[in-house]
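S.K.: For reference, the sequence and a predicted model appear below.
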Amino acid sequence: MITYAMISKEGDRENNEDYIGMKEDQGMFCFVLADGLGGHGRGEAASKLVVEETKELFHHTGNISNFLRKAFSTSQDKLLKYQNAEHAINGMKTTEVILVIGEENIQWGHIGDSRLYHFRGNRLAERTLDHSVPQMLVSSGEIKEKEIRHHPDRNRVLRVMGTEWAQPKYEIGNAVRSKGSHSFLLCSDGFWELIEEKEMKNMLRKASSPEDWLNHMEQAVLENGKEEDMDNYSAIAVWIR
């Protein structure tokens, strides 16, 4: 059985440039989250465009990886055309993370620093790696993983939707079997920067539902974000039981 809960809040900002969505088709589920960049309503327009386009494209399929590639490439093309029409070249950008749950397999893809966390049981099995300067510094051994959240360049994202690509910049994760117990968290940086993986895991262990898990994590985010000029924050919690 698949259950889920979703939130998207302004934080301390005037506008919410995050956008989230879900679509079901013949027993398959697609969850999407995007964090817009650009300000003046343009980030907001970019995130909404790619999420709605991904939902529009989603259909029951036996080849999830092909769908993910089409979703990213088609949304990218549509966003670039919209930029041209609005005379906002490179002014409307967004991250995107997509999770698809099929009858037999689960797969995801992402671009930017919005994350997907995958838990098996109550253990963190995998998370997407940010396309950001701090993540690059972790990969080169210059800083530790735990330093990403407070790094001065944490907002410097290296790959996004809405800039011209010579080649695809998104990443597609390896498919995993849908059998067994899985928990997923899709979230923008305004969420994951204010809660550590240990807290996510502890709250998951005690939660009675995705909504309960998400509510407890949100309270931790709000507590940790006091007097921090909180960014927009969004998250989608998904359980397979």
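M.R.: Looks like it arrived, so ask away. Numbers count the residues shown, from 1 in each chain.
S.K.: where along this protein do the helices fall?
M.R.: Under the criterion DSSP state H, helices of the chain are mapped to 42-57, 64-85, 133-139, 189-192, 197-206, 210-224.
S.K.: any chance of those in CSV, plus mean neighbour count?
M.R.: Placement of C-beta: from N, CA and C, glycine included. What follows is the helices of the chain, written out as CSV (neighbours: other CB atoms under 10 Å):
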stretch, mean neighbour count
helix 42-57, 22
helix 64-85, 18
helix 133-139, 17
helix 189-192, 26
helix 197-206, 16
helix 210-224, 18
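S.K.: ranking these by mean pLDDT, which is last?
M.R.: Among the helices of the chain, helix 133-139 has the lowest mean pLDDT, at a mean of 92.
S.K.: So what touches that helix?
M.R.: Asp113, Leu129, Ile143, Lys144, Glu145, Glu147, Ile148, His151, Asp153, Arg154, Arg156, Leu158 (CB atoms under 8 Å, 6 or more residues apart in numbering).
S.K.: 6 Å - rerun?
M.R.: Leu129, Ile143, Glu145, Ile148, His151, Asp153, Arg154, Arg156 (CB atoms under 6 Å, 6 or more residues apart in numbering).
S.K.: Over to stretch 16-35?
M.R.: The contact list for stretch 16-35 (CB under 6 Å, 6+ apart) reads 2, 6, 8, 10, 36, 43-44, 47-48, 50-51, 54-55, 58-60, 94-102, 114, 186, 188, 232, 234, 236.
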